[in-house]
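Student: this one's structure only:
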Ligand SMILES: NC(=O)c1ccc[n+]([C@@H]2O[C@H](COP(=O)([O-])OP(=O)(O)OC[C@H]3O[C@@H](n4cnc5c(N)ncnc54)[C@H](O)[C@@H]3O)[C@@H](O)[C@H]2O)c1
């Protein structure tokens with residue numbers, strides 16, 4: 001299968017895709033939830049796709065189709081299921097450039113990053129291809145003779161996967177691939193501003209040989225999705241929810257799942273700190289801060305929120321970061337730029353709101369003095385491309401940030417980095433933990449003891465030493481705590497606990513009823529034994 005070409009990377013007038021939900025292998029008719037255009041954020045004249053949105057019934061029917069398909073899929077031996085995933089991985093690999101071009105076009109990710117994101121899907125398929133040959137259970141000793149105990153992993157059933165659009169293909173693959181290898185059927189709800197990408201990902205995975213109904217896609221707005229999920233949970237059609245998105249929506253999903261006695265996988269927002277100690281290589285820290293603060297225009301869950309810098313190197317760090325930001329190439333994502341546009345109008349709007357409410361009150365805004373949208377009236381020197389056509393924003397550094405400032409504890413999801421000054425190591429740890437999120441944290445230091453102490457005390461789910469707050473590998477657990485998630489983890493073997501349940505089996509061949517918790521008096525005679533215990 002090949003992804004239909006989307007045209008030249010630098011071309012602007014390209015084919016528009018017509019997209020609808022896919023249930024049981026077939027496109028759904030009509031547009032009960034209305035129609036929506038998905039546009040290129042680097043050139044809002046370019047319409048990438050027109051989507052026929054589904055409604056509550058579309059969501060429920062997709063869950064029903066998944067339920068019907070799941071038991072047959074679960075009976076396919078896991079090593080055979082994983083061969084389907086292996087083929088899917090090869091299909092994605094064969095379409096790597098086409099999918100990366102679509103990624104750059106629909107959400108404005110710089111092309112090199114887009115290629116990396118597609119590679120992450122391939123890596124995930126490779127990892128879980130082997131996992132299908134393991135899915136190990138255990139043998140467990142029994143306290144009784146003539147008895148064997150085992151554990152098996154069994155699929156959860158139907159998984160509803162709802163994802164954000166800043167990683168519109170890699171993050172869904174972190175859910176879809178292990179869920180499918182484990183024998184589940186899936187209903188996938190892509191982000192509303194990345195429908196073409198969600199659709200393309202599902203088509204490529206299906207091309208590996210998934211039976212109809214095993215991977216369904218619903219395009220719907222947030223409210224319809226919530227009501228659809230609620231109805232499907234009430235009808236007993238969903239067994240696991242995977243949600244990646246904002247903390248606010250994650251709370252709603254968590255509460256809904258709790259009412260149905262389900263524990264979802266919640267991967268939410270972040271306000272990620274990067275500590276630069278007096279023993280850091282400052283240039284290296286600046287490089288990490290530039291990449292994680294401004295790469296993807298700060299629209300990663302792991303984007304750097306606040307640099308927490310020791311007073312002895314604070315001024316040097318701030319000056320070097322400001323210089324690096326001033327010369328960083330920004331603009332057309334088909335070119336070699338640090339970052340392109342905001343992913344979607346909603347992020348452009350919310351970032352402007354933050355600029356007004358949270359950033360303007362700060363007097364010490366560094367970097368280029370300009371903030372806000374890059375336009376001919378508010379230009380940026382060296383901008384790559386035509387700024388007025390897209391949702392491009394100036395990079396902003398706010399220095400002199402204090403813990404009581406709302407900006408310290410608010411995810412702004414845009415090209416903005418706060419800088420704070422600290423004196424003692426305890427203070428740095430408090431500032432790294434005090435914002436309420438717990439996704440990713442970094443420390444720059446050449447002192448291993450300091451790095452270890454930081455790792456022990458920081459509350460984030462992921463810690464980097466001498467590396468930026470961003471980045472993930474397909475086989476390392478990914479996830480956060482507190483406002484960043486409910487402690488669930490994706491990637492690697494750890495995600496298997498999200499998509500399987502443990503079934504324990506006890507097999508008695510004694511030929512008589514044996515009961516557990518036997519009386520200790522049955523133990524071999526030893527007068528002192530019980531006292532010694
Ligand atoms: N921790 C992670 O792994 C991770 C990864 C990527 C993004 N994120 C976070 O995602 C956020 C940005 O993405 P976003 O703005 O698209 O998030 P969002 O919460 O607005 O939307 C995420 C998904 O949920 C759907 N949705 C919206 N409202 C809903 C509702 N009431 N009920 C059910 N579904 C609903 C959306 O259509 C979308 O598919 C940021 O906070 C970012 O940090 C987290």
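Tutor: Looks like it arrived, so ask away. Only a predicted model underlies this, so the values are computations on that prediction, with no experimental measurement involved.
Student: From the recorded domain assignment, give the ranges for this structure.
Tutor: Domain ranges of the chain: 26-268+488-499, 272-473, per automatic domain parsing.
Student: Does the longest one reach the ligand?
Tutor: Yes - Domain 26-268+488-499 lies within reach of the ligand by C-beta under 6 Å from any ligand atom, at 162-167, 171, 189, 191-192, 222, 225-226, 244-246, 249, 252-253, 267-268. For glycine as for every other residue, the C-beta is placed from the backbone atoms N, C-alpha and C.
Student: Kindly report the same for the last one.
Tutor: Yes - using C-beta under 6 Å from any ligand atom, domain 272-473 reaches the ligand at 301, 411, 413, 439.
Student: Between the two ends of that domain, what distance do you get?
Tutor: The straight-line separation of the ends of domain 272-473 (C-alpha to C-alpha, to the nearest Å) is 18 Å.
Student: between the domains of the chain, which one is nearest to residue 2?
Tutor: Closest of the domains of the chain to residue 2 is domain 26-268+488-499, at 5.9 Å (criterion: C-beta to C-beta).
Student: What's the end-to-end length of that closest one?
Tutor: 25 Å.
Student: to the chain's geometric centre, what's the distance from that domain?
Tutor: Taking the mean of its C-alpha atoms, domain 26-268+488-499 sits 12 Å from the chain's own mean (C-alpha atoms, centre = their mean, to the nearest Å).
Student: returning to that earlier point: which of the residues of domain 26-268+488-499 next to the ligand count as buried?
Tutor: Among the residues of domain 26-268+488-499 next to the ligand, those classed as buried by 16 or more other C-beta atoms under 10 Å are 162-167, 171, 189, 191-192, 225-226, 244-246, 249, 253, 267-268.
Student: Among those, which are located in strands?
Tutor: 162, 189, 244, 267 (DSSP state E).
Student: Can you pull out the low-pLDDT segments for this protein?
Tutor: When residues are selected by pLDDT under 70, those of the chain lie in 4-14, 363-368, 519-533.
Student: Next, name the residue at the spatial heart of it.
Tutor: The residue lying closest to the centre of the chain (C-alpha atoms, centre = their mean) is residue 171, at 4.6 Å.
Student: what's in contact with whichever strand or helix holds residue 258?
Tutor: Assigned by DSSP states H and E, residue 258 belongs to helix 247-259. Contacts with helix 247-259, where a contact means C-beta atoms under 8 Å, 6 or more residues apart in numbering, come from 162, 222, 226, 229-230, 233, 241, 243, 263-264, 266-269, 411, 437, 483-486.
Student: Quick check: residue 97 vs the ligand, distance?
Tutor: 24 Å (C-beta to the nearest ligand atom, to the nearest Å).
Student: dump the residue contacts of that residue.
Tutor: By C-beta under 8 Å, 6+ apart, the neighbours of residue 97 are residue 115.
Student: With residue 96 instead?
Tutor: 115, 118, 119, 122.
Student: which non-adjacent residue is nearest the first one?
Tutor: In this structure, residue 115 finds its nearest non-sequential neighbour in residue 100, 4.6 Å apart by C-beta to C-beta, 6 or more residues apart in numbering.
Student: where does the one you found land in three-state SS?
Tutor: Judged by DSSP: H, G, I helix; E, B strand; the rest coil, the three-state class of residue 100 is helix.
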